[in-house]
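Visitor: Build the 3D model from these lines:
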Amino acid sequence: MLKSSTLILCVLCALDCHGSPPKFQEETDSICRLTDAPNQCGAYCQAALFPIFDHMARLRDTLKKVEDSMESNKKMWERIVKHMEDNQKNLDRLQEKLQNQIQSNTYAPSPTISNSTACEKVGSKCFFIEKEVARSWNASQDACRLIGGHLAYFQNQEEFDAINAKVNAGSPYWLGISNFHNKNEFRYVDSNKPAEFLQWNPKDLPDIDSNDHCVALHLNFTYLRSCNIPRLFICQRDQKIL
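Guide: Numbers count the residues shown, from 1 in each chain. Prediction:
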């Protein structure tokens, strides 16, 4: 619409400057004479077109802003997509880790002693020597409780020698003796009474000031060791509690 109006104005300007038809010129005294067409009409049309030029310039600026915004949005979406892909990879790794953990827990050892562990009868006591699954001292005690017993201890040399002859010589075994409550006193796990029989290694006497509080059988002697380290263990089940 603006272009049409401008064109009409330019035509009128040209007619005015070239003069009216002869008859009309005779009757009127026109004050416009075309002496410099390029400057007279061109300047008028150019002035009339200035609003269009300004409008087009603003449109170009707006278009440039839209293009910049689209480019910025494109980069933003690319970052979002990359972030989503990274999250998906992390989820895949987590799922794989959880599946492996589930499988590992599925095949975890039973909380009690191995089925192959048989009773070794010594006097009135029944000893179970766990030779397959190592556990911490507390976990070993829990496993013994599940069969109605407790971690084993010895009351005399006969019991000690009988069981010591049946264990694997190179492996340490947890016993039901500790000094948790008093570093100077070693007590039985089931009755909390003072231990009557311990056979310390003269070359490795217990360091009662250390963080080791649990007694283990190893290489024909008893030793004081860290309770958290998994070891094999010996359970005891009998009718008499000291």
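Visitor: Look up the pLDDT of Thr28 for me, please.
Guide: According to the prediction, Thr28 has pLDDT 46.
Visitor: ignore the last one, Ile229
Guide: For Ile229, the pLDDT comes out at 93.
Visitor: Can you tell me how far it is from Ala216?
Guide: Taking Cβ to Cβ, to the nearest Å as the criterion, Ile229 is separated from Ala216 by 9 Å. Bear in mind the C-beta positions are built from the backbone N, C-alpha and C, glycine included.
Visitor: Please identify which of those two sits among more neighbours.
Guide: Applying other Cβ atoms under 10 Å to Ile229 and Ala216 shows that Ala216 carries more neighbours, namely 24 against 15.
Visitor: who's that one bridged to?
Guide: When bridges are taken as DSSP bridges, the partners of Ala216 come out as Trp174, Tyr223.
Visitor: Tell me which residues touch it, please.
Guide: Residues in contact with Ala216, defined by Cβ atoms under 8 Å, 6 or more residues apart in numbering, are Pro172, Tyr173, Trp174, Leu175, Thr222, Tyr223, Leu224, Arg225, Arg231.
Visitor: Most neighbours out of these, which is it?
Guide: Using other Cβ under 10 Å as the contact criterion, the top neighbour count among these goes to Trp174, which has 32 neighbours.
Visitor: doesn't Tyr153 make contact with that one?
Guide: No - under the criterion of Cβ atoms under 8 Å, Trp174 makes no contact with Tyr153, lying 10.5 Å away.
Visitor: Can you list the low-confidence ranges for the protein?
Guide: By pLDDT under 70, the weakly predicted segments of the chain are 1-46, 99-116, 239-242.
Visitor: let's see it at 90
Guide: Across the chain, residues meeting the criterion (pLDDT under 90) sit at 1-79, 81-125, 147-148, 168-170, 180-184, 190-192, 204-212, 219, 237-242.
Visitor: Quick check, central residue of it?
Guide: When the chain is reduced to its mean C-alpha position, the nearest residue by Cα atoms, centre = their mean turns out to be Leu94, at 7.4 Å.
Visitor: Report the separation between it and Asn87.
Guide: Taking Cβ to Cβ as the measure, Leu94 falls 10 Å from Asn87.
Visitor: Repeat that for Asp204.
Guide: Here Asp204 is placed at a distance of 54 Å from Asn87 (Cβ to Cβ).
Visitor: I am assuming Gln141 contacts His150, so please confirm or correct that.
Guide: Yes - the pair Gln141 and His150 qualifies as a contact (Cβ under 8 Å) at a distance of 6.5 Å.
Visitor: list the residues that contact both of these two?
Guide: In the contact map built from Cβ under 8 Å, 6+ apart, the residues linked to both Gln141 and His150 are Gly176, Val189.
Visitor: Where does the record place the domain boundaries for this protein?
Guide: Following the assignment in automatic domain parsing, the chain carries domains at 1-19+37-50, 119-237.
Visitor: any chance of those in CSV, plus distance to Lys65?
Guide: Written out in CSV, the entries for those read as follows (distance: least, Cβ to Cβ, whole Å):
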stretch, distance to Lys65
domain 1-19+37-50, 23
domain 119-237, 66
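Visitor: Can you tell me which of those is most buried?
Guide: Between the domains of the chain, domain 119-237 has the highest mean count of neighbours, a mean of 17, where neighbours are mean count of other Cβ atoms under 10 Å.
Visitor: So the residue lying closest to Pro230 once chain neighbours are set aside, which state does it fall into?
Guide: Distances taken as Cβ to Cβ, 6 or more residues apart in numbering place Ala134 nearest to Pro230, at 3.9 Å, with adjacent residues excluded. Local secondary structure at Ala134 is given as strand here, using DSSP: H, G, I helix; E, B strand; the rest coil.
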